[in-house]
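1. Please work out how this folds:
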Amino acid sequence: MNVAGSHVDFPAGDPAATRRAIIERATAIAVQLHRPVRMNATDPLGTWHNAVTPNGDVIDLEAQGATSRQPTVRSSKTTPAPVLESPTQITPSSVVRTLDALPPQAPATAPQAVRCTVVFSTGEEAIVDQPLIVGRSPKPQAHEVADALPLHDVSMTLSKRHARLEPTHSGINVTDLGSANGTWVVTADGRTLPLTPGVPHQAVPGDRIELGTIVVGTVGVAA
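-> Purely as a prediction, here's the structure:
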């Protein structure tokens, strides 16, 4: 027997039993392939050319030219043979037309960054659009890329290099630089947050930055 390009020999025996075994073999192959398979079988009754579906139905492919020695084998099952439909042909032009039909998508826009200012109680004001060192007499170190803003501190409670201010997308990162009298961020809802030296903390518009015991900077939005 040849089924779907696979050749199998069955031992001689009762022709009817052999044909049932052949149909079972072809049905198993059809189930694996999820489609009908063609088979050619030769036995003492003759040569028969059929198609077997995954549900076990046998279709005689030579019914019109069959001889009396080639009877049509019918399945005992009542389930009708499935109708094989031609697959939908997808052409490049149809894909292009489908893509052209899609509405254009507006590009996503990132939220605009907030540009902040800090107004100090000592009279100074700065727009924080780049790193800024504040203190009594601040100077950027050799490895730092930052501007310096000296604050007029008559109380002498500020350190020379007291804090570092850096712009973020929604506010300012405040980092205490190991000052003697500390740095705090007071949020708009009244929470006071002491800063750990070297650890940045974000302040947003409406927050206050307390440097030492007297100097206060209020964060706002630049015009």
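
2. OK, contacts around Gly182?
-> Applying Cβ atoms under 8 Å, 6 or more residues apart in numbering, we find Gly182 in contact with 176, 194-195, 212. Glycine gets a C-beta too; all of them are placed from N, C-alpha and C.

3. Let me know the average pLDDT across stretch 132-142.
-> The average pLDDT within stretch 132-142 is 93.

4. got the end-to-end distance for that stretch?
-> End-to-end span of stretch 132-142 (Cα to Cα, to the nearest Å): 14 Å.

5. For it, buried residues please.
-> Residues 132-136, 138 are the ones in stretch 132-142 that count as buried (16 or more other Cβ atoms under 10 Å).

6. now that stretch, how far from the centre of its chain.
-> The chain centre lies 44 Å from the centre of stretch 132-142; the measure is Cα atoms, centre = their mean, to the nearest Å.

7. thinking again about what came up before, quick one, which of the contacts of Gly182 are buried?
-> Using 16+ other Cβ under 10 Å, the buried ones in the contacts of Gly182 are 176, 195, 212.

8. Closest to Thr168 out of the residues you listed?
-> Proximity of the buried ones among the contacts of Gly182 to Thr168 was ranked by Cβ to Cβ; the top entry is Leu195 with 15.3 Å.

9. Tell me the predicted confidence for that closest one.
-> 97.

10. Also Val3?
-> pLDDT, Val3: 54.

11. still on that earlier bit, of all the buried residues of stretch 132-142, which comes closest to His169?
-> Set against His169, the nearest of these by Cβ to Cβ is Leu132 (16.9 Å).

12. so what's the closest one bridging to?
-> Asp147, Leu165 (DSSP bridges).

13. wait, isn't it in contact with Leu165?
-> Yes: look at Leu132 against Leu165 with Cβ atoms under 8 Å: they come within range, at 4.5 Å.

14. Which neighbours do the two have in common?
-> By Cβ under 8 Å, 6+ apart, the residues touching both Leu132 and Leu165 are Ala126.

15. Determine the longest helix present in the protein.
-> The residue-count maximum for a helix in the chain (DSSP state H) belongs to helix 15-33.

16. Now that helix: buried residues?
-> 18-19, 21-23, 25-27, 29-30.

17. JSON lines please, covering the buried residues of stretch 132-142 and showing distance to Val219.
-> Formatted as JSON lines, the buried residues of stretch 132-142 follow (distance: Cβ to Cβ, whole Å):
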{"residue": "Leu132", "distance to Val219": "13"}
{"residue": "Ile133", "distance to Val219": "17"}
{"residue": "Val134", "distance to Val219": "13"}
{"residue": "Gly135", "distance to Val219": "18"}
{"residue": "Arg136", "distance to Val219": "21"}
{"residue": "Pro138", "distance to Val219": "19"}
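
18. tell me which of those residues is nearest to Leu45?
-> Using Cβ to Cβ, Leu132 is the member of those that lies nearest Leu45, at 100.0 Å.

19. Next, Leu158: secondary structure please.
-> Using DSSP: H, G, I helix; E, B strand; the rest coil, the structure places Leu158 in coil.

20. And it, how far from Ile172?
-> Per Cβ to Cβ, to the nearest Å, Leu158 is found 18 Å from Ile172.

21. and the strand or helix carrying Trp48, which strands flank it?
-> Using DSSP states H and E, Trp48 falls within strand 46-52. Paired strands of strand 46-52, with direction, are strand 37-43 (antiparallel), strand 58-60 (antiparallel) (DSSP bridges).
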